[in-house]
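Asker: Quick one, fold the following:
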Amino acid sequence: MRKVYARRAVLFLAAAWLQVASLYAQTNDTVAIGAKTAFTPSLLRTPDTIPILFGEQPKNKLLQSVGTVYTHQLLTTPSPQFLQALPGRLAGLNIGFTGGGPGLDGNGMSYNIRGARAQIILIDGVERGYLSLDPEQIESISVLKDALSTVLLGQRSSYGVLYIRTKKGDVGKPRISFTAQSGFETPAALPKPLPAWQYATLYNEARQNDVGASPVTPVYSAAQIAAYKNHTDPYAYPDVDWYNTVLNKQAGMSRYNFNIQGSGKGFRYFVDLDNLKEKGLFKTTGNNNYNTNSQLDRYLLRSNLGVDVTPTTFVQLNLFGRFQRYNQPGGGVSGVLTSLLNTPQLAYPVYNPNGTYGGTNAYGGNVNIYGQTVSRGYQFQDVRDIAVDLDATQKLDVLTKGLYVKARASNNNTAYYTTNRAKDFEVYQFSNNNYTKYGNTTEQTTTGTPNERSRIVYLEGSAGYDRAFGKHAINALALATQQSRLLFNSTNLPENYTAYAGKLNYSFDDKYIAEGAVSRGGYNWLAPSRRWATYWAAGLGWNLHKEAFISNHLKWISNLKLRANYGLTGQVNAGYFSYIQTYFNNITNTNNAVAYWYGPGSSLERSTGENPISNPSLGPEKAKKLDAGIDAGFWQNRLTITADYFYNKFYDLVATPNLTTAVFGAGYPLQNYQKFNYWGTELTATWQDKWKGLSYYITANFSLVQSKVVYNAELPRKYDYQIVTGQPVGLQYGYTATGLFKTYAEINDPNTAVLPSAPKSSLRPGDIRYQDRNSDGIIDANDQGPIGNAKPAVYYGTTLGFSIRGFDFSALVQGTLNRQSYISGDFMNGFGNNGNYTAYAYNLGRFTEATAATATQPRVWLGTNTNNSQTSSFWLQNNDFVRLKNLEIGYTLPGKLSRKIGLPSVRLFSNGLNLFTHAEIHKIRKDMDPESWGASYPIMKVVNFGVNVKF
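Answerer: Numbering: from 1, shown residues only. Presented below is the predicted three-dimensional model:
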């Protein structure tokens, strides 16, 4: 009985802990995220073997550049997508975010490895795009960065690889883990539109600026501005804070995870069940019997079963299922956020006196932002994924010790479907007790659209040999793989990647290591003559700490390995059978066809012609990669350091040619001609130790990436500063801004150069002035050049943590250096769309006659401004940031207490995401996040509470 009551007490405590979240989030939209298993109060340890393609390798024999994180490093991050847990944790991996909130795989994020422009994600060796996974089912995530680590992939080996391994069953009694979490999320930043009276005041100023020195009658009188400010008539002079009207202060998230692992006689298993619900910020109304908020509901099931069929035969069966439903307002999340960004607070009231929606014809029919949110119906996207992997491994020690063969088959199916239940509503403009109607109310639609239905089939066969002979050790692998991807919702034939590959790793006395790998890769969408290519890589390593002159005299050196590898890799970047010339006819392409009348009936006939010209010579992109590194450990590996230098030469990159002529008469085909180089350094250092009852660690990583355009088939340039070759890849080009015009005298100075499209008569004090780089008296394309800082990209992260007497703590800080962002348009200028769009608190710092000497912003204007909207250095901002990305604190009940109630482990924890950000851009404007701004769904701060119980 005591145990029963004790269990009830623990469950009550867990419920009380979760209730803390709901007390903070007194909204119908409650948050939750990522489940969490108990933190082991010990040092930050990693296994002795590292996951690599098609297996794993002991650290002392690893010549590849691989960075890995494990389950416990992922569990601290409350997010549906595992990439959210990785920024700042792995050298060489750069992850950026363009938005937040609920969404499907990859929502609002991008990533690259060592600056390369594309990557692939492998889950248990198979390419699958599952970014929304629970961390409990992930054993490790590895970043494969160099040629030796990826060359076995053949035609997919040039760019980096994210390699995810899921958990498998291990030997032991059944171990059950249950985690419940609930939390809330709030926007890290939201735009700050001006109140109605300030908008009206600046509108008058902008109109006067556009006219010039001659006085103009204000659109808004002093009495009207006072009415907006004093809110004397909210219908005639509305001042609607649309962000507060449409968005909740916070949204809710919850996640529940149950997993069990263990073994029986001859089998091992891991089973994982997970449910997540993440709600959006949009307000809802009880008048609807459906949900109009953005919301992600996700259900996951994984069952990994390993069976020893015989003492020498092992079979692994992995089953995975995922269902996701992403709900949003009928007009879409982006439509509402765009309206929020652009609509002035004085545009119209939410409701008219008679209860109808307010609106005007200035914004179109059916436009009322609150109505867009709750009265435009809803839509949702359903995504269903099913994956089945079957592996069989047969040991052949009967032939020779260490020999084995392996076969793998994987079938992956995805179905993606959109259901649309949208509708329209009418709005009314109230003026002088009269109502003018705009738009019409319609019934809900009942349409559905299949977005994607696809199947990936993966086959693999391999033979391996792993054996030591005295001081000699050999690990060899030969394999054949094929991946076939078929889109059922298109008419395309399957896309097939085929590779025949092998590698050999040899070590002598655990001191000297050599490894070589080769692959023959094929891709069926290329021309037969270009379909196959051979790639290779080789590496050498030296375990210096095993040498007597170190092991006998420098005992504080625990590990010291030098390694280097070099190789040739490839990557396909071609369209659908682009080597075959295709044609349009009078049915499929009426825009390009030549039309003529023919015959007695004078029927209109259209010709047949060529689509863009094919290129039978198009081949895979290639890269020659060098990596040199050092792995060191000191004082029994309390201090570990890993450093890498890399130099990657990408060539035969696919692009549209710059050298073109209209005489050709058709579109130019893609060609292999670009050459880009990327090089840089990476450093990771970790200190971990124990002091009495305290275990602690700190780890930091640093990545520096530089790039150069080696060849780009440029057109001849008149001036050297216009040449792209030799500059960093992706460097921003445009006009160099030298400041703002302060007076008409400065504008009208005969020596002042201006754009022909923006003559001096159109310029005003407060407009941007540009550098006449070639001194010809005209600002034109010949004055455009590089405007970026051309400095290397730097990104870094620091993680620290400790545990003592059941308490544990961890924190992750990530940041950037030399980062720039181009931020322009109506979000910066205000008063877009001929003045119908809003202006922002930022615009209060605009140029005026009184601030001419110190202003850093242009004057305000209405609608378009040809001069100020040019691509120029004026809008290129330094945008480095430091972010407290993740923080967690937890407490594990004493084992003596938890065992008395029949629970081996009970842990309470709270964690957070994006909790604090310091950014350079905040010196310019504070109402934006350094990674996401404007009409994007805001980056979210998350505070999460949870309990983990182990049985």
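
Asker: Asn748: neighbour count?
Answerer: For Asn748, the neighbour count with other C-beta atoms under 10 Å is 12. Just so you know, the C-beta spots here come from the backbone N, C-alpha and C atoms, and that holds for glycine as well.

Asker: need the contact list for it.
Answerer: By C-beta atoms under 8 Å, 6 or more residues apart in numbering, the contact list for Asn748 reads Lys760.

Asker: Could you check how far it is from Arg89?
Answerer: Per C-beta to C-beta, to the nearest Å, Asn748 is found 57 Å from Arg89.

Asker: Likewise for Ile778?
Answerer: 51 Å.

Asker: Those two: which is more packed in?
Answerer: Legend: neighbour count by other C-beta under 10 Å for Ile778 and Arg89, higher for Arg89 (26 against 13).

Asker: Give me the buried stretch members for stretch 644-651, please.
Answerer: Neighbour counts over stretch 644-651 (16 or more other C-beta atoms under 10 Å) mark 644-646, 648-651 as buried.

Asker: Please look at Gly766 and Arg846 and confirm they touch.
Answerer: Yes: using C-beta atoms under 8 Å, Gly766 is in contact with Arg846, at 7.2 Å.

Asker: what sits in contact with each of those two?
Answerer: Counting by C-beta under 8 Å, 6+ apart, the residues touching both Gly766 and Arg846 are 855, 858-859.

Asker: Select from the residues you listed the one having the most neighbours.
Answerer: Counting neighbours by other C-beta under 10 Å, Arg859 leads these with 26 neighbours.

Asker: and the nearest residue to Ala180 once chain neighbours are set aside, what are its bridge partners?
Answerer: Distances taken as C-beta to C-beta, 6 or more residues apart in numbering place Tyr256 nearest to Ala180, at 5.3 Å, with adjacent residues excluded. Partner residues in beta bridges with Tyr256, using DSSP bridges, are Ala180, Asn275.

Asker: State the distance from Tyr256 to Phe945.
Answerer: Separation of Tyr256 from Phe945 (C-beta to C-beta): 13 Å.

Asker: Mutual contacts of the two, please.
Answerer: Listed as contacting both Tyr256 and Phe945 by C-beta under 8 Å, 6+ apart are Gln181.

Asker: neighbour-wise, which of these two wins?
Answerer: More crowded of Tyr256 and Phe945, by other C-beta under 10 Å: Phe945, with 24 against 18.

Asker: The more buried one reaches Ser182, doesn't it?
Answerer: Yes: with contact defined as C-beta under 8 Å, Phe945 reaches Ser182; the gap is 6.0 Å.

Asker: pLDDT below threshold where in the stretch 551-700 of the chain?
Answerer: 586-607, 661-665 (pLDDT under 70).

Asker: where do the helices sit along it?
Answerer: Using DSSP state H, counting those that start in this stretch, no helices are found in the stretch 551-700 of the chain.

Asker: Can you name the residues that contact Asn886?
Answerer: 76-77, 85, 810-812, 911-913.

Asker: Which strand runs longest in the chain?
Answerer: Longest strand in the chain, counting residues (DSSP state E): strand 447-469.

Asker: on contacts alone, who are the packing partners of it?
Answerer: Secondary-structure packing of strand 447-469 (3 or more C-beta pairs under 8 Å, 6 or more residues apart in numbering; DSSP states H and E): strand 126-127, strand 403-422, strand 472-487.

Asker: What pairs with the second one, parallel or antiparallel?
Answerer: Read that as strand 403-422. strand 377-395 (antiparallel), strand 447-469 (antiparallel).

Asker: Highest mean neighbour count out of these?
Answerer: Mean neighbours per residue, mean count of other C-beta atoms under 10 Å, is largest over those for strand 377-395, with a mean of 18.

Asker: Identify the residues contacting the spatially most central residue of the chain.
Answerer: Note on the chain: the residue nearest the mean C-alpha position is Met109, at 1.7 Å, using C-alpha atoms, centre = their mean. In this structure, Met109 makes contact with 81, 83-84, 95-98, 131, judged by C-beta under 8 Å, 6+ apart.

Asker: between these, which is nearest Gly67?
Answerer: Of all these, Ile95 has the smallest distance to Gly67: 13.0 Å, by C-beta to C-beta.
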